[in-house]
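>>> next one to model:
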Amino acid sequence: MDDDPLAYLLALRLRVRGRPEALRIVDRCLNLVGRAQTADPAEFAALQREMEKIADDLAKRFGAPAGAVLQ
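Model prediction:
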């Protein structure tokens, strides 16, 4: 994976063309990255919570990432 989240998400967006649900998820992540660049600490914390919600939704849908540790 690229170290630049914006470049990674833009490349991913090209890969999921034609799949509306996948595009919505990628666009949501692009929105978070864009907002994070100018966010104050309170807004950044809210963006992190939103990112965690996306991660949780994806884990429920597709399973936990390979490196995940169950508690």
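
>>> in the longest helix seen in the chain, what's buried?
When the chain is parsed with DSSP state H, its longest helix is helix 41-62. For helix 41-62, a neighbour-count test (16 or more other CB atoms under 10 Å) marks Leu47 as buried. Yep, even glycine has a C-beta here, placed from its N, CA and C like the rest.

>>> quick one: distance of that helix to the chain centre.
8 Å (CA atoms, centre = their mean, to the nearest Å).

>>> just list what that helix packs against, helices and strands only.
helix 20-36 (3 or more CB pairs under 8 Å, 6 or more residues apart in numbering; DSSP states H and E).

>>> identify the residues contacting the helix it packs on?
If you take CB atoms under 8 Å, 6 or more residues apart in numbering as the criterion, helix 20-36 is touched by 5-6, 9-10, 12-13, 16-17, 43-44, 47, 50-51, 54, 58.

>>> run the angle between it and helix 41-62 for me.
160 degrees (axes from the mean of the first three to the mean of the last three CA atoms, to 10 degrees).

>>> centre of the chain to helix 20-36, how far?
6 Å.

>>> list the buried ones in it?
For helix 20-36, burial by neighbour count (16+ other CB under 10 Å) applies to Ile25, Val26, Cys29, Leu30, Leu32, Val33.

>>> middle-most residue in this protein, spatially?
Cys29 (4.0 Å; CA atoms, centre = their mean).

>>> figure out how far the helix or strand encompassing Leu10 is from the centre of its chain.
Leu10 belongs to helix 5-15 when assigned by DSSP states H and E. Helix 5-15 has its C-alpha centroid displaced from the chain centroid by 11 Å (CA atoms, centre = their mean).

>>> and it, what does it pack onto?
Secondary elements touching helix 5-15 (3+ CB pairs under 8 Å, 6+ apart): helix 20-36.

>>> and which of the contacts of helix 20-36 is nearest Pro65?
Nearest to Pro65 among the contacts of helix 20-36, counting by CB to CB, is Leu58 at 8.8 Å.

>>> where does the protein have low pLDDT?
1-2, 68-71 (pLDDT under 70).
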